[in-house]
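Asks: sequence unavailable; structure follows:
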């Protein structure tokens with residue numbers, strides 16, 4: 001039950017992060033900005049998530065996880081209420097920072113709490129269940145938000161997120177036990193794992209992989225414009241297809257990470273992302289083929305984060321699981337920020353160029369993971385593998 005509650009919270013966080021993608025055309029028109037400028041709503045949310053995650057985790061380290069998680073969802077709800085109420089581009093950007101801070105506070109604690117409650121043998125499946133909540137947002141939240149935005153305006157879709165966030169805050173407050181995982185690590189202690197070469201390499205892979213993954217996803221309406229042909233229902237369907245496939249890929253990757261070497265799961269997933277993005281390039285004008293390729297990209301894209309969390313927890317210091325998962329989640333959202341900023345530049349030249357650039361980032365992540373074996377390096381340094389190494 002606690003893990004299911006955490007997955008529910010991840011659902012609202014994921015919905016908030018993904019819903020903007022389907023609303024970019026309406027936001028651009030209403031706020032009188034370019035597609036690239038509208039995409040910066042995703043950028044600032046992601047940047048706030050990446051930077052403020054470790055800072056807020058340090059500030060709330062002595063709190064119970066229930067208090068942290070409820071606070072995070074409440075901040076998310078308030079941020080979205082401001083976004084929906086604002087009519088100026090600048091204020092909307094500021095509100096996305098507030099929402100990103102709430103999302104960061106929630107997700108890092110949710111993953112670490114789920115891993116702690118599940119125990120070592122079921123850690124991968126527990127992490128996958130929480131992250132499945134975020135991918136379920138792709139199945140339900142993002143497509144529904146896109147349809148709501150098309151029918152009643154993008155502000156109505158954002159109010160929808162604010163409402164479900166308020167409901168989730170209540171559920172988490174009532175059902176989650178007051179677990180405590182650390183005793184107030186300072187910000188310096190929280191970023192100390194960055195001096196560990198194995199941890200740093202995992203973070204670099206996460207950054208590269210998610211920069212590639214989010215490039216075509218964030219600007220889906222532009223990259224597949226010939227196939228979507230301006231129809232909001234088609235864009236919503238692509239988001240739905242991606243979400244269903246991503247949920248299945250995420251859950252399967254969690255099981256594989258428990259059974260096999262998580263590093264190999266990451267290599268296979270990132271190599272798959274590379275291949276699918278290259279396949280998308282010549283078929284981007286045909287909707288049926290784009291839908292099939294989008295499903296494949298959902299499976300491989302969301303087979304990355306769970307095994308990466310599994311890998312990085314292996315090298316956490318005693319009591320430091322929430323520290324390293326926070327850093328890894330921040331790296332993923334930093335990749336989201338970079339993809340939004342880079343995509344805005346690429347779109348000024350050609351939307352089609354997004355796909356090979358994204359494939360290049362994913363290929364680098366696959367190659368780096370394959371070449372750098374943190375487990376072997378640990379054996380060289382200590383004479384044996386870490387006790388939790390897979």
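Replies: Thanks, I have it. Please read all numbers here as calculations on a predicted model, not as lab measurements.
Asks: which stretch of helix or strand covers the closest residue to residue 176 other than its chain neighbours?
Replies: Nearest residue to residue 176, sequence neighbours excluded (C-beta to C-beta, 6 or more residues apart in numbering): residue 66, at 4.7 Å. Quick note: C-beta positions are derived from backbone N, CA and C, even for glycine. Element membership of residue 66 [criterion: DSSP states H and E] is helix 65-85.
Asks: any idea of the mean pLDDT for whichever helix or strand comes after that helix?
Replies: Remark: after helix 65-85, the chain's next helix or strand is helix 89-118, criterion DSSP H and E. For helix 89-118, the mean pLDDT works out to 85.
Asks: look up how far residue 306 lies from residue 163.
Replies: Remark: distance between residue 163 and residue 306 (C-beta to C-beta, to the nearest Å) = 29 Å.
Asks: and those two? Which one has more around it.
Replies: residue 306 (34 against 14; other C-beta atoms under 10 Å).
Asks: what helices or strands is the helix or strand containing that one leaning on?
Replies: Counting by DSSP H and E, the element that carries residue 306 is helix 305-314. When contacts are defined as 3 or more C-beta pairs under 8 Å, 6 or more residues apart in numbering; DSSP states H and E, helix 305-314 packs onto helix 89-118, helix 123-136, helix 197-218, helix 232-259, helix 262-283, helix 321-347.
Asks: how about a cut-off of 6 Å?
Replies: For helix 305-314, the helices and strands in contact under the criterion 3 or more C-beta pairs under 6 Å, 6 or more residues apart in numbering; DSSP states H and E are helix 123-136, helix 197-218, helix 232-259, helix 262-283, helix 321-347.
Asks: now these as a markdown table including mean neighbour count, distance to residue 21 and mean pLDDT?
Replies: Below are the helices and strands packed on helix 305-314 laid out as a markdown table (neighbours: other C-beta atoms under 10 Å; distance: least, C-beta to C-beta, whole Å; pLDDT from 0 to 100):
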| stretch | mean neighbour count | distance to residue 21 | mean pLDDT |
| --- | --- | --- | --- |
| helix 123-136 | 26 | 14 | 75 |
| helix 197-218 | 24 | 6 | 92 |
| helix 232-259 | 22 | 7 | 84 |
| helix 262-283 | 22 | 16 | 94 |
| helix 321-347 | 24 | 10 | 83 |
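Asks: to residue 86, which of these lies closest?
Replies: Among the helices and strands packed on helix 305-314, the nearest to residue 86 by C-beta to C-beta is helix 321-347 (19.3 Å).
Asks: got the buried residues for stretch 155-172?
Replies: Neighbour counts over stretch 155-172 (16 or more other C-beta atoms under 10 Å) mark 155, 157-162, 164-166, 168-169, 172 as buried.
Asks: quick one: which of these is nearest residue 132?
Replies: Distances from residue 132 to these, taken by C-beta to C-beta, are shortest for residue 168, at 15.4 Å.
Asks: which residue packs closest to that closest one, ignoring adjacent ones?
Replies: Per C-beta to C-beta, 6+ apart, closest to residue 168 is residue 12, 4.8 Å.
Asks: any idea how far residue 234 lies from residue 277?
Replies: For residue 234, the distance to residue 277 (C-beta to C-beta) stands at 20 Å.
Asks: that older thread, format the buried residues of stretch 155-172 as JSON lines; extra columns: distance to residue 358 and pLDDT.
Replies: What follows is the buried residues of stretch 155-172, written out as JSON lines (distance: C-beta to C-beta, whole Å; pLDDT from 0 to 100):
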{"residue": "155", "distance to residue 358": "30", "pLDDT": "92"}
{"residue": "157", "distance to residue 358": "26", "pLDDT": "92"}
{"residue": "158", "distance to residue 358": "27", "pLDDT": "93"}
{"residue": "159", "distance to residue 358": "32", "pLDDT": "93"}
{"residue": "160", "distance to residue 358": "29", "pLDDT": "90"}
{"residue": "161", "distance to residue 358": "26", "pLDDT": "91"}
{"residue": "162", "distance to residue 358": "31", "pLDDT": "93"}
{"residue": "164", "distance to residue 358": "30", "pLDDT": "89"}
{"residue": "165", "distance to residue 358": "30", "pLDDT": "91"}
{"residue": "166", "distance to residue 358": "35", "pLDDT": "91"}
{"residue": "168", "distance to residue 358": "32", "pLDDT": "86"}
{"residue": "169", "distance to residue 358": "35", "pLDDT": "90"}
{"residue": "172", "distance to residue 358": "35", "pLDDT": "85"}
